[in-house]
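[1] Fold the following and give me the result.
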Amino acid sequence: MHELKIPSADGKRVFYAELRTQLAALLEGETDLIANTANMASLLYHALPDVNWAGFYFLKGGELVLGPFHGKPACVRIAMGKGVCGSAAAARKSVLVEDVHAFPGHIACDAASRSELVVPLVLGGELLGVLDLDSPLPGRFEEEDQAGCESLAVALLETLV
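    A predicted model of the protein is given here:
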């Protein structure tokens, strides 16, 4: 059983380094994508302050399909290039949105969400899906959050090789 330890507030860089250590311990020895993304979604949902949704979408048949998550029920399918998730997936680049209402084509699964961070999961040049984080606060995510979550995504992907 894994005990969740909320990292200290000594700055985001330290916070995400501690979170990555916890994630690596949580995923150690497991290679199943669903099991690992389920645990990662739970860890992020409970460890990150001011987050109302944390989860994954996987690329299947040319579209993103809902995977493990924590938060309110979500959109099941997202077309490539649509919304924040589809845009990040199509570009294979993280997308940080301070105000989702100002993002053209934003898909509102939860009307309470105001900001979003999406990190693509790319392994061996192949897009597997995306990590999606939502917050009810505008401007909740910053570049340090993006860098930290990209590092966490790498830790997840390392379990698959």
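
[2] From now on I want contacts and neighbour counts done on CA atoms only, so please keep to that.
    Fine.

[3] Which residue would you name as the spatial centre of this structure?
    For the chain, the residue nearest the mean C-alpha position is L131 (2.8 Å; CA atoms, centre = their mean).

[4] For the helix or strand containing that one, which outside residues touch it?
    Assigned by DSSP states H and E, L131 belongs to strand 126-135. Residues outside strand 126-135 that contact it (CA atoms under 8 Å, 6 or more residues apart in numbering): 50-59, 64, 85, 88-89, 92, 112-122, 153.

[5] show me the residues around the closest residue to G71 other than its chain neighbours that make contact.
    What sits nearest to G71 in space, not counting adjacent residues and going by CA to CA, 6 or more residues apart in numbering, is W53, at 4.5 Å. W53 is in contact with Y45, F69, H70, G71, K72, D132, L133, D134, S135, counting by CA under 8 Å, 6+ apart.

[6] mind redoing it with 6 Å?
    Neighbouring residues of W53 by CA atoms under 6 Å, 6 or more residues apart in numbering: H70, G71, L133, D134.

[7] hang on, isn't the first one packed against A54?
    Yes: with contact taken as CA atoms under 6 Å, H70 and A54 are classed as touching, separated by 5.5 Å.

[8] more neighbours, these two?
    Remark: of H70 and A54, A54 carries more neighbours, 27 against 22, as counted by other CA atoms under 10 Å.

[9] Give me the distance between the closest residue to that one other than its chain neighbours and E18.
    Distance criterion CA to CA, 6+ apart; nearest residue to A54, sequence neighbours excluded, is L133 at 4.6 Å. To E18, L133 is 19 Å away according to CA to CA, to the nearest Å.

[10] L48 too?
    12 Å.

[11] For L133 and E18, indicate the residue with more neighbours.
    Higher neighbour count among L133 and E18: L133, with 27 against 16, using other CA under 10 Å.

[12] what does the model give the more buried one for pLDDT?
    Each residue has a pLDDT score; the one for L133 is 98.

[13] for it, which residues make a bridge with it?
    A54, L117 (DSSP bridges).

[14] show me where the chain has helices.
    12-27, 33-47, 83-91, 143-158 (DSSP state H).

[15] Compute the first-to-last residue distance for stretch 125-144.
    End-to-end distance for stretch 125-144: 25 Å, by CA to CA.

[16] Ok, stretch 103-113 next?
    Across stretch 103-113, first to last residue, CA to CA, it's 12 Å.

[17] Rounded mean pLDDT for it, please.
    Here the average pLDDT along stretch 103-113 is 78.

[18] contact partners of it?
    A74, C75, G83, D134, S135, P136.
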